[in-house]
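A.B. asks: Here is my input, please return the structure:
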Amino acid sequence: MENVTTLGEFIIEKQQDFPGSSGEFSRILSGIRLASKVVSQQINKAGLLTDILGTAGSENIQGEQQQKLDVYANEQFIKALKYREVVCGIASEENDEFIVLNDNGKYVVAMDPLDGSSNIDVNVSVGTIFSIYRRLSPVGTPVTKADFLQKGTEQLAAGYVIYGSSTMLVYTTGSGVNGFTYDPGIGVFVLSHPNMKTTEDGKIYSLNEGNFYKSSKGIQEYVKYAQTIDPKTNRPLTGRYIGSLVADFHRNLIKGGIYIYPATSSSPNGKLRLLYECNPMGFIAEQAGGLASTGKQRVLEVIPTELHQRVPFFVGSKNMVEKAISFVKDE
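C.D. replies: Next up, the predicted model:
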């Protein structure tokens, strides 16, 4: 263990990136770390604990069936952040409205507590996505909706936890991207992927081709392009789509690729949420050398108007994103 850097040590070491926070920012990340351990444990037991599988019998504000683990993960992250006393409010994909926590807190958190949760029943990787902002309203007053409706460029930090063959926490504070793998033997996250970078080009494209005929002409043309033999490699791009944003994004971050969820006839504004999914993933992608776009503009420059606002999403290796949006930018 002499040469191992734990997540706790790394957070303390990087605390100087946030002058004036007096350790408060570290407390937020420690809360996320704790909740992710608890959720990871339950996910690993999902095949044994039948009461944690399946639907909860309710819908979230997007009209999506909530899974039991959605509700459980949401509760764990809210509880962990509440007791840190430095977060004044939380906006979660699973709650209709934002949650008021501590009037004296300086920060707000936006999160998707369990992305891809419907895949739990079939033992496919899922994840947690989070984003941290400094509040706009005066400290000592109740948090407001405006505190959450900030552009992605205002994020102090963003990250995700992927629960797969191993549990990993990947995050950025605007000074690069670092990944930590959970070692259950000693109960800590250790730095396993320092200074993560994605390639400018990649061989993987990820989108739900079941929506091909619901997509615009530009998206259809891009799919045909992706399936065309490249004279340089003598092969087309490789299609890989898991259906969990965290899992698809994580693979493409490491191997190089693009993830696309475009506007469709059934989801004209796209499907993914700006605050909980696109902004945090866009921040991470840019810090790793990639790009994130709506097809019309940089994701992080979109001005939010609603907590659950949706946007089309193109994210991944720089050259691949630029190529994809060239097919749709004039539509």
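
A.B. asks: can you map out the strands along the stretch 201-331 of the chain?
C.D. replies: For the stretch 201-331 of the chain, strands defined by DSSP state E, counting those that start in this stretch occupy the ranges 204-206, 238-239, 257-261, 291-293, 313-316.

A.B. asks: Figure out which of these is closest to residue 102.
C.D. replies: Nearest to residue 102 among the strands of the stretch 201-331 of the chain is strand 291-293; the distance by C-beta to C-beta comes to 31.1 Å. All C-beta spots, glycine's among them, are computed from the backbone N, C-alpha and C.

A.B. asks: Could you measure from the most centrally placed residue in the chain over to residue 215?
C.D. replies: The residue lying closest to the centre of the chain (C-alpha atoms, centre = their mean) is residue 129, at 3.6 Å. Residue 129 is 24 Å from residue 215, where distance means C-beta to C-beta, to the nearest Å.

A.B. asks: Kindly report the same for residue 15.
C.D. replies: Distance, residue 15 to residue 215, using C-beta to C-beta: 45 Å.

A.B. asks: Please identify which of these two sits among more neighbours.
C.D. replies: Remark: of residue 15 and residue 215, residue 215 carries more neighbours, 21 against 15, as counted by other C-beta atoms under 10 Å.

A.B. asks: For the more buried one, give me its contacts.
C.D. replies: 262, 263, 264, 265 (C-beta atoms under 8 Å, 6 or more residues apart in numbering).

A.B. asks: just the residues you listed now: which is nearest residue 283?
C.D. replies: Using C-beta to C-beta, these come closest to residue 283 at residue 262, 20.7 Å.

A.B. asks: Number of residues surrounding that closest one?
C.D. replies: Residue 262, neighbours per other C-beta under 10 Å, totals 25.

A.B. asks: now do residue 102
C.D. replies: As a burial measure, residue 102 scores 19 neighbours (other C-beta under 10 Å).

A.B. asks: again with residue 213
C.D. replies: Considering only other C-beta under 10 Å, residue 213 is surrounded by 9 other residues.
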